[in-house]
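Chemist: What shape does this take:
(one chain, ligands or ions: 3)
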Amino acid sequence: MTTLRGQWQFDEPLSRHTSWRVGGPARRLYRPADADDLVEFMRGLDPDEPLLWLGLGSNLLVDDAGFPGTVILTQGTLDILERRGNDRVYAEVGVASAKLARFAARHDLTGIEFLAGIPGTLGGALAMNAGAWGGETWSFVRRVWTLDRQGQVHERDAAEYEPAYREVRGPTGEWFLAAELELTPGDGAASLARIRELLDQRAATQPVGQPSCGSVFRNPPGDHAARLIDSLGLKGLRIGGAEVSSIHANFIINRGGATATDIARLIEQIQQTVERHTGIRLMPEVRRIAGEQA
Ligand SMILES: Cc1cc2nc3c(=O)[nH]c(=O)nc-3n(C[C@H](O)[C@H](O)[C@H](O)COP(=O)(O)OP(=O)(O)OC[C@H]3O[C@@H](n4cnc5c(N)ncnc54)[C@H](O)[C@@H]3O)c2cc1C
Ligand SMILES: NC(=O)C1=CN([C@@H]2O[C@H](COP(=O)(O)OP(=O)(O)OC[C@H]3O[C@@H](n4cnc5c(N)ncnc54)[C@H](OP(=O)(O)O)[C@@H]3O)[C@@H](O)[C@H]2O)C=CC1
Ligand SMILES: C=C(O[C@H]1[C@H](O)[C@@H](CO)O[C@H](OP(=O)(O)OP(=O)(O)OC[C@H]2O[C@@H](n3ccc(=O)[nH]c3=O)[C@H](O)[C@@H]2O)[C@@H]1NC(C)=O)C(=O)O
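Modeler: Ligands and ions are numbered 1, 2, ... in the order given. Purely as a prediction, here's the structure:
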């Protein structure tokens, strides 16, 4: 029997762990001390316990009722980050995407500048195939290490996964522990300048200072959700504390005191209005949490 070294919290409000600042309590939240500790934790976990892996919570709509199970928090832990060889970076999933982008640039490795403005962890970026400005996370992944519910670690080749727009299909019942990325050796100063440029571009077009989950809807083929929502005059539409951003129409911001229900109702209202006027059913990009996630 091994003693766990991580930290427990009980009835922890998930509004403290999501960028929308909404979401009810998790029955239990566990922040592992490191990857070995997390392996031990999974080995001892009740097979029926609902489980949610959480990074920064920047793409999650957690219900007001909370999560009736265990949340594993990787942000602020699982933070090993190192260069390997000429063109590789190894990172555990708790590393912030922004930190990974700057680390690569400082080591004269280029290609992932786009990750600098995407809030969240590498784990969330892998699960969502996070992308911006033409770049996508999985274009750079060569290997991943995953963990299953029995506490078994698997080393997997990127070829075992099928990345698509804001999603990736692969072996089920496993979560990401770490990844190895292949980057292009180049000019680190130019890479840092590109990061600054992309952050400026983002600040000019997105409400980065206000609580949100980024784009609420996926872009439909050949169009942009934001353009459709904007063209119907929905900017500023508000339910409770949730409001369609007047800066970017595909962002819903928490104006203070929003509930998950406010946000969910606003999402539905936008979907219905857009569908009625254009025939296009917008599909959410954000993930709604009400039960077990795998
Ligand atoms: C202001 C703002 C701007 C944004 N801009 C962009 C953008 O340009 N492009 C973009 O793609 N996204 C964007 N997003 C959305 C979000 O930042 C990304 O999806 C991000 O990669 C999520 O990372 P996270 O750590 O917060 O994941 P979380 O929200 O914590 O989790 C997201 C999903 O990943 C799963 N997950 C987390 N860690 C793991 C793991 N280790 N193994 C398996 N599954 C895991 C969770 O269970 C959940 O289903 C933006 C969000 C905000 C608030
Ligand atoms: N957190 C959120 O809810 C939101 C975040 N954002 C934006 O998303 C991006 C990423 O956010 P988040 O995931 O929270 O990560 P952080 O902003 O916490 O950044 C993570 C790490 O990246 C490095 N870093 C970030 N910005 C800088 C900088 N200007 N100069 C030097 N190093 C930097 C730092 O690493 P080191 O430890 O090496 O210094 C930092 O610890 C930021 O641009 C942020 O403004 C936007 C909306 C919401
Ligand atoms: C923020 C996210 O990702 C973002 C990513 O940061 C940016 C930059 O690459 O490109 C996508 O936004 P986007 O398609 O809305 O890109 P933008 O360039 O801002 O806008 C697209 C088009 O919509 C129009 N537009 C935008 C905002 C608005 O309020 N009104 C409007 O009409 C713009 O004029 C432009 O013609 C990603 N969103 C999706 C759903 O793919 C996220 O996934 O959370």
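
Chemist: quick one: contacts for the nearest residue to Val286 once chain neighbours are set aside?
Modeler: Spatially, and ignoring its direct neighbours in sequence, Val286 is nearest to Cys213 (4.7 Å; Cβ to Cβ, 6 or more residues apart in numbering). Every residue, glycine included, has its C-beta placed from N, CA and C. Contact partners of Cys213, counting by Cβ atoms under 8 Å, 6 or more residues apart in numbering, are 18-20, 58-61, 252, 286.

Chemist: Looks to me like Cys213 is in a helix.
Modeler: No: counting by DSSP: H, G, I helix; E, B strand; the rest coil, Cys213 falls outside a helix, being coil.

Chemist: Begin at 624, not 1, for the rest of this chat.
Modeler: Fine by me, first position is 624 from now on; the one you just mentioned is Cys836.

Chemist: Give me the phi and psi for it.
Modeler: phi -120, psi 30 (degrees, to the nearest 10).

Chemist: Next, the residue of the chain at minimum distance from ligand 3: phi, psi?
Modeler: Going by Cβ to the nearest ligand atom, ligand 3 is nearest to Gly837 of the chain, at 2.5 Å. The phi/psi pair for Gly837 (degrees, to the nearest 10) reads phi 70, psi -150.

Chemist: Count the neighbours of it for me.
Modeler: Using other Cβ atoms under 10 Å, the number of residues around Gly837 comes to 23.

Chemist: likewise the one 3 residues further on?
Modeler: Applying the criterion other Cβ under 10 Å, we find 24 residues in the vicinity of Phe840.

Chemist: go on, the one 3 residues further on?
Modeler: The local packing count at Pro843 equals 15, with neighbours defined by other Cβ under 10 Å.

Chemist: is it true that it lies in a strand?
Modeler: No: assigned with three-state DSSP, Pro843 falls outside any strand and is coil.

Chemist: so how far is Ile893 from it?
Modeler: Using Cβ to Cβ, to the nearest Å, one gets 13 Å for the distance from Pro843 to Ile893.

Chemist: joint contacts of those two?
Modeler: Residues touching both Pro843 and Ile893 (Cβ under 8 Å, 6+ apart): Leu905.

Chemist: Turn the contacts of Cys836 into TSV, including pLDDT, secondary structure and neighbour count.
Modeler: Listed next are these as TSV, based on pLDDT from 0 to 100; DSSP: H, G, I helix; E, B strand; the rest coil; neighbours: other Cβ atoms under 10 Å:
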residue	pLDDT	secondary structure	neighbour count
Thr641	98	coil	23
Ser642	98	coil	18
Trp643	98	coil	23
Ser681	98	coil	23
Asn682	98	coil	25
Leu683	98	strand	25
Leu684	98	strand	22
Ile875	98	strand	32
Val909	98	coil	22
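
Chemist: between those residues, which is nearest Pro808?
Modeler: Ser681 (30.1 Å; Cβ to Cβ).

Chemist: give the contact list for that closest one.
Modeler: Contacts for Ser681 were tallied using Cβ under 8 Å, 6+ apart; they are 641-642, 742-743, 747, 836-837.
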